[in-house]
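Asks: Fold the stuff below for me.
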Amino acid sequence: MTSSERASRVAEIVKSTMERGPEDRAQFLGKACGGDEELHAEANSLLREQEGISRFIEEPAVHFAAETFLGGAYSAGQLIGDYEILSLIARGGRGEVYLAQDRHLQRKVALKLIRRGMDSGGPHSSLQTRRAPPRRP
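Replies: You can find the predicted model right below:
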């Protein structure tokens, strides 16, 4: 199997697994990988990342839209997915930048929230997540 074919296979497995309920995913993934541990590990890693993104998108997007329409800003202590707002860094015409604590990586990050309609308009342009690699001990 070429690397392109393998990437397509992993993508197909991840997509098919995400279409199932959370309680059925592990069993389906095991069957879909057919005993290929490397394939299972790669697909499982992507699934965990996708599930994290899904959790981030589901709740905060609604909350963010309401805040944006009301003209409100986030305040210290509010949670947005894995991020806890610490303070506002800057506000501009396109959105706001906050100092936040990434509760997953246990470090401070800049969190840029772009107002609806100010993004580039692509299907996934309203949310772009860039995670830094974990700190080395």
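Asks: Any idea how many residues pack against Leu47?
Replies: 17 (other Cβ atoms under 10 Å). Where C-beta positions appear, they are placed from N, C-alpha and C, glycine not excepted.
Asks: same question but for Ala76, I mixed them up
Replies: Using other Cβ under 10 Å, Ala76 is surrounded by 12 other residues.
Asks: next one: the one 10 residues further on
Replies: Residues lying near Leu86 (other Cβ under 10 Å) number 16.
Asks: list the contacts for it?
Replies: Leu86 is in contact with Ala76, Tyr98, Leu99, Ala100, Gln101, Lys108, counting by Cβ atoms under 8 Å, 6 or more residues apart in numbering.
Asks: tell me the two of the residues you listed that are most distant?
Replies: Ala76 and Lys108 (13.0 Å; Cβ to Cβ).
Asks: For this structure, name the helix or strand with the lowest mean pLDDT.
Replies: Ranked by mean pLDDT, DSSP states H and E, the weakest helix or strand in the chain is helix 37-70, scoring a mean of 65.
Asks: All set now, cheers.
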